[in-house]
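In: build me a model from this:
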Amino acid sequence: MKPSVRRPRRPLRLLTAVLLAVLAATAPTAARAVEPAAGAAAAAPASASGGGWNDRSCTPSDRRPRPVVLVHGTFGNSVDNWLGLAPYLAARGWCVFSLDYGRLPGVPFFHGLGPVEDSARELAAYVDGVLEDTGAREADIVGHSQGGMMPRYYLKFLGGAEKVNALVGIAPSNHGTDLLGLTRLLEHFPGAEDLLGTHTPALRDQVAGSDLLRRLNEGGDTVPGVAYTVIATRHDQVVTPWRTQFLDGPGVRNILLQEVCALDLSGHLTVALADRLAFHLTANALDPANARPVNCLSALS
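Out: Purely as a prediction, here's the structure:
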């Protein structure tokens, strides 16, 4: 009698599920790492964080004439992503605002998961509201990861260039990511990319070579009239290769943190959450006329 042989059950589907799990597990680390306990700040408006932002009564000053809109990354939210940078900017005189976008039904806390095009429309409406409330003519945008890339859709296709002075991208997914080569496996698993797009469209849109990114970058990375700054770290483990974060075009400044301070070890998450050098560089990009030198010692200030 021949011994029974247990055949693998749907190995392709299993491998696809594993791949998607790894893709999802890599990006949300920031949100999980700072997810507050039940009833904490994330359940309340960002203005309740004590950091002094999302105050619609804030009036821009002559020194800081433009409000700053912070755009979180994939799996982030309007509070957790900005617990460091938002208070930093508010303490230096900016009117600071942050939004939640790309929310999926039944998924709390973890946002930025919907299609990038839809998220850009949400951003457009939010910026309009901020400009109306503050009386400002233009805003500045600072975004992390997807939040540094997605506003470019708003600028290029939704009229945002007329309302935005500067875009600062912190570890932005400007040309997509291969997640250290992992996304190259998608083509070997039929249906994997469709499954990825069905459940987390923003991840599909950020895969290097996606239709969204081809349209976004076709004809040039930038649009006239907007000042672009990219702050990248060599130790980024999510948007890889890190050089793909940089933009080409007039009015662009690409900054590698390790060229500012070789000792900076920030990865994809830390660079937006707690890196003082990145904070100082962001402030310089928002107010270049009063920019201050940034070096390793700046981490102490």
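In: okay, CA-based contacts and neighbour counts for the rest of this
Out: Noted.
In: starting at the chain centroid, how far to stretch 94-103?
Out: Counting by CA atoms, centre = their mean, to the nearest Å, stretch 94-103 is centred 11 Å from the centre of its parent chain.
In: mind checking the end-to-end distance for it?
Out: Terminal residues of stretch 94-103 lie 27 Å apart, using CA to CA, to the nearest Å.
In: ok, residues contacting that stretch?
Out: For stretch 94-103, the surrounding residues in contact (CA atoms under 8 Å, 6 or more residues apart in numbering) are 46, 52-55, 58-60, 64, 66-72, 77-79, 86, 89-90, 110-116, 118-119, 122-123, 126, 130.
In: show the buried residues in those residues.
Out: With neighbours counted by 16 or more other CA atoms under 10 Å, the contacts of stretch 94-103 contain buried members at 46, 52-55, 58-60, 66-72, 77-79, 86, 89-90, 110-116, 119, 122-123, 126, 130.
In: restricted to strands, list the residues you listed.
Out: 68-71 (DSSP state E).
In: what separates stretch 221-241 from the chain centre, distance-wise?
Out: 10 Å.
In: repeat for stretch 71-80
Out: Put simply, stretch 71-80 sits 7 Å off its chain's centre (CA atoms, centre = their mean).
In: what about it, start to end distance?
Out: Start-to-end, stretch 71-80 (CA to CA) is 11 Å.
In: and for stretch 128-145?
Out: Terminal residues of stretch 128-145 lie 22 Å apart, using CA to CA.
In: which one of the ones in strands among the buried ones among the contacts of stretch 94-103 is nearest A202?
Out: Nearest to A202 out of those is V71 (CA to CA; 14.2 Å).
In: state the distance from that closest one to C58.
Out: The value you get for V71 to C58, if CA to CA is used, is 19 Å.
In: repeat that for C95.
Out: Taken as CA to CA, the span from C95 to C58 is 6 Å.
In: pLDDT value on V18, please?
Out: At V18, the pLDDT value in this model is 38.
In: oh sorry, the question was meant for L180
Out: L180 is given a pLDDT of 77.
In: and if you look at V127?
Out: For V127, the predicted pLDDT is 98.
In: where does R214 fall, secondary structure wise?
Out: Using DSSP states H and E, R214 maps to helix 211-217.
In: so where's this structure shaky on pLDDT?
Out: 1-51, 182-198 (pLDDT under 70).
In: 80 instead?
Out: 1-51, 180-199 (pLDDT under 80).
In: how near is R243 to L123?
Out: Distance from R243 to L123, by CA to CA: 26 Å.
In: swap that for A208, sorry
Out: Distance from A208 to L123, by CA to CA: 23 Å.
In: and F75, by the same measure?
Out: On the measure of CA to CA, F75 and L123 end up 16 Å apart.
In: correct me if wrong: Q146 contacts G73.
Out: Yes: counting by CA atoms under 8 Å, Q146 touches G73, with 4.8 Å between them.
In: list residues touching both of these two?
Out: Joint contacts of Q146 and G73 (CA under 8 Å, 6+ apart) are G112.
In: higher neighbour count, these two?
Out: Taking other CA atoms under 10 Å, Q146 and G73 do not tie; G73 has more neighbours (34 against 29).
In: quick check, that one in contact with M150.
Out: No: G73 is not in contact with M150 according to CA under 8 Å; the separation is 9.3 Å.
In: how near is G84 to R66?
Out: In terms of CA to CA, G84 sits 20 Å off from R66.
In: so which residues of the stretch 101-250 of the chain form strands?
Out: 139-144, 164-170, 227-232 (DSSP state E, counting those that start in this stretch).
In: need those in a markdown table with mean neighbour count and distance to D287, can you?
Out: Listed next are these as a markdown table, based on neighbours: other CA atoms under 10 Å; distance: least, CA to CA, whole Å:
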| stretch | mean neighbour count | distance to D287 |
| --- | --- | --- |
| strand 139-144 | 25 | 10 |
| strand 164-170 | 26 | 10 |
| strand 227-232 | 25 | 11 |
